[in-house]
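In: generate a structure from the sequence data that follows.
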Amino acid sequence: MWTFRTLNRHLPRHVAIRCLVVVAFAALVVAATAGQAAAPATIWAAPPGEKLCADYELRVNDRPVPVYACRVSAVPFNQVWPGYQRPIDQTELAGFAHWGMSSEVSVEILSNRPFTNVVVRPGARGIRPAVNGRTITFALSKAGQVTVELDGPHHALHLFADPEESAVPNRDAAGVRYFGPGVHHPGKIQLKSGETLYVAGGAVVYTAVEARAATGVRILGRGIIDTSEYARDQGGGCIRLTDCSNVKVEGVILRDPDVWCLSAFGCRNLEIDQVKLIGLWRYNADGIDICNSQGVIIRNSFVRSFDDAIVLKGLNWGPGGFHERPVRNVRVQNLVLWCDWGRALEIGAETSAPEIADVRFQDCDIIRSTHIALDIQCGDRALVHDIRYENIRVETDEVNPAPRMQGSPNERYVPDRQAQYVPDLLVIVIRENAYSKDADRGNVRDVTYADVSVTGERAPRSAFNGLDARYTVERVWLENLRLNGKPAMTAAEANLTIGPHVSDVSFSKPAK
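Out: Residues are numbered from 1 along each chain as shown. Below you'll find the model as predicted:
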């Protein structure tokens, strides 16, 4: 090894110093380059006793990754609240896995069941897997969420690739509730102002988390919060926030809520980032519900819900409720959504608020919806205005089972393979519904659909409908709406019905 002393024996002092500097710099460059080329994925072992999915074996960068099991809906069959606990025979098991990454990784999946076709969604990511027997391989260039489907949607594999964690709280710090790797049963967790709940990768915490009138709460980590041990309507979902402010929910996986999975009522300044919702199979298992709240951002997340996936609502609970607070300044960005029953991106059906305004849905992939992809239902008094859907990609299947309500506990869902059902694309409607509480209805103004695209064999329908001369829909813009790549420049081309009490619906030319 060269040192300054050995160099100085054979070279002038100033030349020896220069040589040593050059050698040291070259060594640093080589080390940095090698580190970039071999940046490993972060993989967490499954805790002992946690049930894993038997259908798949997974390797990331040639390292084994545990595949967890989750229960999901098998058929679009629903029961009106309060109903009863959903029968297990309407469900099935699927798989999910997660890891951390900072650069491209290789993914290898071994299916333990035969298949003939494999699809990786969202289609916009352009992943074309290689198949060799029952082994599927592809590269994942960046963090994000994808699903791998073998011969259709049943028993799918959901893959959650997170960016590496940047700041892990000190487990011994004041106000930190820290759950390390392993299985935990702490009972219901009530968070107070300034507290942090941290769920580490490799941890599964069986709980329901709640915060009320709290500020500065954080719920962080890469582990799993599971609410399966609570009977329907006993847990309040995986996370419930009421009258809270300055809250951050980041990185965690939420599994099997008893009702709505992640809900916020009367909150201010809420950030939801890199959160994954999976295993939502029970009746009324919405994904993320934002009710009478302001200053909300939801981004970089995945939702597979039974009922509605992302919902903005105004709720009238009567005295002590928040129906005098608006829904305002909401940003929903870079999501992957799979909705087994209801609507994917929804405003309503309850709109009991002064207004629902300044809302942006941007850069989202709806890989499945069942009723409606982009829905505005104005059932109460709110003025719904300044709503923008932008860069939304909707995928539909060759066969889309039609949603139905269950008439009796013994009724079974039998799909009609000959039916030409396809979920609706764009819906705006003003009407009283089963959930309406206000005496008056509202109005809808200034809605933009920009760069919305649909891929699928059948063109979905859309419809805009006001209620009467008082409650109307006005000023709707459709900019670069595309069906299978073809621009839709008229209502007929868009398969859009413009009903009564709707005015100023405009189409614009697609961008070059």
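In: any idea which helix or strand in the protein has the lowest mean pLDDT?
Out: Across the helices and strands of the chain, mean confidence by mean pLDDT, DSSP states H and E is lowest for helix 13-37: a mean of 40.
In: neighbouring strands - and their directions - for the next helix or strand after that helix?
Out: Next in sequence after helix 13-37, counting helices and strands by DSSP states H and E, comes strand 56-60. If you go by DSSP bridges, strand 56-60 pairs up with strand 63-65 (antiparallel), strand 105-111 (antiparallel).
In: out of these, deepest packed?
Out: strand 105-111 (a mean of 20; mean count of other C-beta atoms under 10 Å). (Glycine included, C-beta is placed from N, CA and C.)
In: which SSE is immediately downstream of that one?
Out: strand 118-121.
In: pLDDT on that following strand, on average?
Out: Mean pLDDT, computed over strand 118-121, is 98.
In: which outside residues touch stretch 410-424?
Out: If you take C-beta atoms under 8 Å, 6 or more residues apart in numbering as the criterion, stretch 410-424 is touched by 75-77, 89-90, 369-373, 375, 396, 399-402, 404, 406, 456, 458-463.
In: what is the rounded mean pLDDT of it?
Out: So the average pLDDT for stretch 410-424 ends up being 87.
In: name the residues of it that are buried.
Out: For stretch 410-424, burial by neighbour count (16 or more other C-beta atoms under 10 Å) applies to Tyr413, Val422, Pro423, Asp424.
In: farthest-separated two in the residues you listed?
Out: Maximum pairwise distance among the buried residues of stretch 410-424 (C-beta to C-beta): 20.3 Å, between Tyr413 and Asp424.
In: pop the domain breakdown of the protein in here.
Out: 56-162, 186-407+419-508 (automatic domain parsing).
In: of those, which is nearest Pro169?
Out: Nearest of those (C-beta to C-beta): domain 186-407+419-508, 5.2 Å.
In: got JSON lines for the strands paired with strand 56-60, with distance to Ile189 and mean pLDDT too?
Out: Listed next are the strands paired with strand 56-60 as JSON lines, based on distance: least, C-beta to C-beta, whole Å; pLDDT from 0 to 100:
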{"stretch": "strand 63-65", "distance to Ile189": "28", "mean pLDDT": "98"}
{"stretch": "strand 105-111", "distance to Ile189": "33", "mean pLDDT": "98"}
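In: can I get those strands in JSON lines with distance to Cys364?
Out: Shown next, in JSON lines, are the strands paired with strand 56-60 (distance: least, C-beta to C-beta, whole Å):
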{"stretch": "strand 63-65", "distance to Cys364": "26"}
{"stretch": "strand 105-111", "distance to Cys364": "23"}
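In: Arg171: which of these is closest?
Out: Evaluated with C-beta to C-beta, the strands paired with strand 56-60 place strand 63-65 nearest to Arg171, the distance being 24.8 Å.
In: how many neighbouring residues does Gln333 have?
Out: Neighbourhood size, Gln333 [other C-beta atoms under 10 Å]: 17.
In: identify the residue nearest it in space, chain neighbours excluded?
Out: Nearest residue to Gln333, sequence neighbours excluded (C-beta to C-beta, 6 or more residues apart in numbering): Arg299, at 4.2 Å.
In: let me know the pLDDT of the one you found.
Out: If you check Arg299, the pLDDT there is 98.
In: what residues are up against it?
Out: Ile272, Asp273, Arg331, Val332, Gln333, Asn334, Leu335.
In: isn't Asp504 up against Arg475?
Out: Yes - when contacts are counted by C-beta atoms under 8 Å, Asp504 is listed as touching Arg475 (4.6 Å).
In: and Ile392, bridged to which residues?
Out: Under DSSP bridges, the beta-bridge partners of Ile392 are Cys364, Val452.
In: what about it, distance to Asp286?
Out: 19 Å (C-beta to C-beta, to the nearest Å).
In: looking at these two, which has the bigger crowd around it?
Out: Asp286 (28 against 25).
In: and that one, backbone torsions?
Out: Backbone torsions of Asp286, given as degrees, to the nearest 10, read phi -70, psi 170.
In: doesn't Leu312 make contact with it?
Out: No - with contact defined as C-beta under 8 Å, Asp286 does not reach Leu312; the gap is 11.5 Å.
In: hmm, back to that, output the buried residues of stretch 410-424 as a markdown table; include the columns distance to Ala139.
Out: Formatted as a markdown table, these follow (distance: C-beta to C-beta, whole Å):
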| residue | distance to Ala139 |
| --- | --- |
| Tyr413 | 38 |
| Val422 | 32 |
| Pro423 | 31 |
| Asp424 | 36 |
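In: okay, now the unreliable bits of the protein?
Out: Low-confidence segments of the chain (pLDDT under 70): 1-39, 509-512.
In: quick one, helices of it?
Out: Here the chain has its helices, by DSSP state H, at 4-10, 13-37.
In: ok so, going back, what subset of the contacts of stretch 410-424 is buried?
Out: The neighbour count (16+ other C-beta under 10 Å) marks 75-77, 90, 369-373, 375, 396, 399-401, 404, 406, 456, 458-463 as buried among the contacts of stretch 410-424.
In: what sits against Arg482?
Out: Contact analysis of Arg482 by C-beta under 8 Å, 6+ apart lists Val452, Ser453, Val454, Ala488, Pro510.
In: buried ones only from these, please, as a PyMOL command.
Out: Selection of buried members from those for PyMOL, criterion 16+ other C-beta under 10 Å:
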select buried, resi 452+453+454+488
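In: widest-spaced pair of the contacts of Arg482?
Out: Val454 and Pro510, at 14.0 Å, using C-beta to C-beta across these.
In: where do the strands of the stretch 301-450 of the chain begin and end?
Out: Assigned by DSSP state E, counting those that start in this stretch, the stretch 301-450 of the chain shows strands spanning 302-305, 310-314, 327-333, 336-339, 343-351, 355-368, 372-378, 383-395, 404-405, 424-430, 443-455.
In: nearest to Cys261, out of these?
Out: Across the strands of the stretch 301-450 of the chain, the minimum distance to Cys261, taken as C-beta to C-beta, is reached by strand 302-305, at 7.1 Å.
In: give me the contacts around the closest one.
Out: The contact list for strand 302-305 (C-beta under 8 Å, 6+ apart) reads 72, 145, 158, 160, 261, 275-278, 280, 285-288, 309-310, 335-342.
In: for that strand, which strands pair with it and how are they oriented?
Out: Paired neighbours of strand 302-305 in the sheet (DSSP bridges): strand 276-278 (parallel), strand 336-339 (parallel).
In: got the CA positions of that strand in PDB?
Out: C-alpha atoms of strand 302-305 as PDB (Å, rounded to 0.1, in the frame of the first residue of the first chain):
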ATOM      1  CA  PHE A 302     -51.900   2.600  -2.900                       C
ATOM      2  CA  VAL A 303     -55.500   1.800  -2.100                       C
ATOM      3  CA  ARG A 304     -57.300  -1.400  -2.800                       C
ATOM      4  CA  SER A 305     -60.700  -0.900  -1.200                       C
END
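In: that one: which residues count as buried?
Out: Phe302, Val303, Arg304, Ser305.
In: nearest to Pro114, of the residues you listed?
Out: The closest of those to Pro114 turns out to be Arg304 (C-beta to C-beta; 24.4 Å).
In: how close does that closest one sit to Leu374?
Out: Note on Arg304: its distance to Leu374, by C-beta to C-beta, is 18 Å.
In: returning to that earlier point: out of the strands paired with strand 56-60, nearest to Val205?
Out: For these, proximity to Val205 was assessed by C-beta to C-beta; strand 63-65 is nearest, at 20.2 Å.
In: ok, and what's touching the closest one?
Out: Pro40, Ala41, Ile43, Glu57, Leu58, Arg59, Ala97, Trp99.
In: what sits against the second one?
Out: Residues in contact with Ala41 (C-beta under 8 Å, 6+ apart) are Val60, Asn61, Arg63, Trp99, Gly100, Met101, Val105.
In: most neighbours among those residues, please name it.
Out: Taking other C-beta under 10 Å as the neighbour criterion, Trp99 ranks highest of those with 26 neighbours.
In: all set, thanks.
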